[in-house]
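> fold the following, please.
(one chain, ligands or ions: 1)
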Amino acid sequence: GIIILDFGSQYNQLIGRRVREMEVYSEIIPFNTPLSEILEKKPVGIILSGGPSSVNSAEAHLIEKEILESGIPILGICYGMQLIAHLLGGKVSKGVKGEYGKSQLNIEKSNALLDGVSQNSTVWMSHFDEIESIPEGFEISGRSGVIAAMANSEKNIFALQFHPEVSHTEEGGKMLENFVFNICKAEKNWKLTNYIEKTVAEIKEKVGTSKVILGLSGGVDSSVAAVLIHKAIGDQLQCIFVDTGLLRLDEGAKVMENYGDFFNLKIDKVEAGERFLKKLEGISDPEEKRKIIGGEFVAVFDEESKKFKDAKFLAQGTIYPDVIESQSVKGPSAVIKSHHNVGGLPEEMNLDLLEPLRELFKDEVRKVGEELGIPHHLVHRHPFPGPGLGIRILGAVDAEKVEILQKADDIFIEELYAHDLYEKVSQAFVVLLPVKSVGVMGDERTYEYTAVVRSANTIDFMTATWSRLPYEFLDLISSRIINEVRGINRVCYDISSKPPATIEWE
Ligand code: XMP
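Residues are numbered from 1 along each chain as shown. Predicted structure coming up:
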């Protein structure tokens, strides 16, 4: 396959996905992986990714120069290009103002990478440093104001200052295809139907006649993992579904229907709503609420799993981005909010982990899900945070507020589907503020809560913009919520981007 060395760019996972979309296996590994380990993987090509560091700084993320002499075709992107220039004797300097956003690429001398690409096309730039002079043996293949592309065709080393993996680079797909197929001569070896067959066989082999427990949340990852494992070992799989009472409207019943009735999964549903609400009573600090919900979740799951004493495995819906994040050179990114997902079972339970989706990107998990027969709308659901509505009701949480929020949120989601907007946004929900304001309904003065409609568009959930939903649509949402949900008399639309805001409100 193709190896992508991770220098920390937010687009790295996108490079990996683009390669896999061509049915070629790709793997993203830290930039400082020793060359011997890289060679063991027998890559047909290596992509040096972008990254925030500067080759001239003391803490630059450097690599062994031998990688560039290994004879394996190389593509450097952004920082990767600067690194190639730096290591091979070119010069990289601090640009005057950097370049962010769309730019025009003018090809001066085409090569195998740019084969079939138009003379002029739009590319996506995001860099501060720039190439001042190229290394010996290289040619400038294109400019955009700065040196935008260079190559040493004889040595199969290519480099681009812009990001071909980003969709704003009009002909980026063509360039990546040229690299993968024409330059690396990669074979199409990555097919999801094969993945299912292979994984089902592996699960059977690993689990044998043992029992497996899995925390089912109704979200995409745990559901696809459950159905896949069930395909392999049937009723040896026992799912535990904790209804925290902080889920969306009717979610508990829907999970039982979709996965219990339809897929025949054995699901132990735990009604823990009252327990969670009791623990949350009067607590309004966001971090404290998160800790309480997370802690309570582990406690409930732990108690419940004791019922299944003979379980040998704990299955989880860990996916490839989780794996990449955990090994990333970026280090544990500053904790802005404490995240907690299923897991954290006490070690004395001695369960082995079963993570059949560890190698897959989210869009691949979705395809596997559909291949397994899970309906489209279920595998294309937006993410939903572990602490659920507990962090979407600002301040103290109580049963009444949960009910109000569930109704408002359900109206918003229902209308997004009805207007074909649900899949055009990355995450959408309603937030309930503990702020009351004055309104008028009929002849009566009202004094009720404020709902905030939130919808974000993002590739990686690290940065996001607010969705430009049509005014008419927002108008409809506002009137439906105010007219149909008692307790809300005012609706606002959140127009904050991340950063500096976050997607959730707590
Ligand atoms: P923020 O609010 O930090 O959220 O911009 C980014 C993404 O993470 C989700 N999120 C969570 N997911 N447990 C989760 O499983 C959590 O505690 C949690 N907090 C935030 C959020 O919904 C968004 O998709």
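> going forward, measure contacts and count neighbours with C-alpha atoms only.
Will do.
> neighbours of residue 353, how many?
Residues lying near residue 353 (other C-alpha atoms under 10 Å) number 13.
> chain neighbours aside, what residue packs nearest to it?
On the basis of C-alpha to C-alpha, 6 or more residues apart in numbering, the spatially nearest residue to residue 353 that is not a chain neighbour turns out to be residue 314, at 5.0 Å.
> what sits against that neighbour?
212-214, 351-354 (C-alpha atoms under 8 Å, 6 or more residues apart in numbering).
> those residues, buried ones only, as a PyMOL selection?
Command for PyMOL, covering only those of these found buried under the criterion 16 or more other C-alpha atoms under 10 Å:
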select buried, resi 212+213+214+351+354
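> restricted to helices, list the contacts of residue 314.
Of the positions in the contacts of residue 314, not one sits in helices, assigned by DSSP state H.
> what sits against the closest residue to residue 79 other than its chain neighbours?
In space, and not counting its chain neighbours, residue 79 is closest to residue 50: 4.4 Å by C-alpha to C-alpha, 6+ apart. For residue 50, the contact set (C-alpha under 8 Å, 6+ apart) comprises 6-9, 11-12, 76-80.
> okay if I get those as a markdown table plus secondary structure and neighbour count?
What follows is those, written out as a markdown table (DSSP: H, G, I helix; E, B strand; the rest coil; neighbours: other C-alpha atoms under 10 Å):
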| residue | secondary structure | neighbour count |
| --- | --- | --- |
| 6 | strand | 29 |
| 7 | coil | 25 |
| 8 | coil | 21 |
| 9 | coil | 16 |
| 11 | coil | 17 |
| 12 | helix | 22 |
| 76 | strand | 28 |
| 77 | strand | 26 |
| 78 | coil | 28 |
| 79 | helix | 30 |
| 80 | helix | 26 |
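> from these, pick the one nearest the ligand.
For those, the residue nearest the ligand by C-alpha to the nearest ligand atom is residue 11; the value is 16.5 Å.
> please tell me how far that closest one sits from residue 462.
For residue 11, the distance to residue 462 (C-alpha to C-alpha, to the nearest Å) stands at 11 Å.
> what's the answer for residue 266, then?
Counting by C-alpha to C-alpha, the gap from residue 266 to residue 462 is 35 Å.
> so the two - more neighbours on which side?
Set side by side, residue 266 and residue 462 show more neighbours around residue 266, with 18 against 11, by other C-alpha under 10 Å.
> about what we covered before: can you check the pLDDT for the residue nearest to residue 79?
Residue 50 carries a pLDDT value of 94.
> pretty sure it belongs to a helix, no?
No: according to DSSP: H, G, I helix; E, B strand; the rest coil, residue 50 belongs to no helix; its state is coil.
> got the phi/psi numbers for it?
Backbone torsions for residue 50, taken as degrees, to the nearest 10, come to phi -80, psi 180.
> all further residue positions should be reported with the first residue as 676.
Sure, I'll start numbering at 676, so the last one becomes residue 725.
> hang on, the earlier thing: so the residue nearest to residue 1028 sits in a strand?
Yes: per three-state DSSP, residue 989 lies within a strand segment.
> partners of it in the sheet?
In this entry, residue 989 is beta-bridged to residue 888, residue 1028, by DSSP bridges.
> now it: how far from the ligand?
Residue 989 is 18 Å from the ligand, where distance means C-alpha to the nearest ligand atom, to the nearest Å.
> is stretch 1174-1181 in proximity to the ligand?
Yes: counting by C-alpha under 6 Å from any ligand atom, the ligand has neighbours in stretch 1174-1181: 1177-1179.
> next SSE downstream of the biggest strand by length in the chain?
Once the chain is assigned using DSSP state E, the strand that runs over the most residues is strand 766-782. Proceeding N to C from strand 766-782, the next assigned helix or strand is strand 795-808, under DSSP states H and E.
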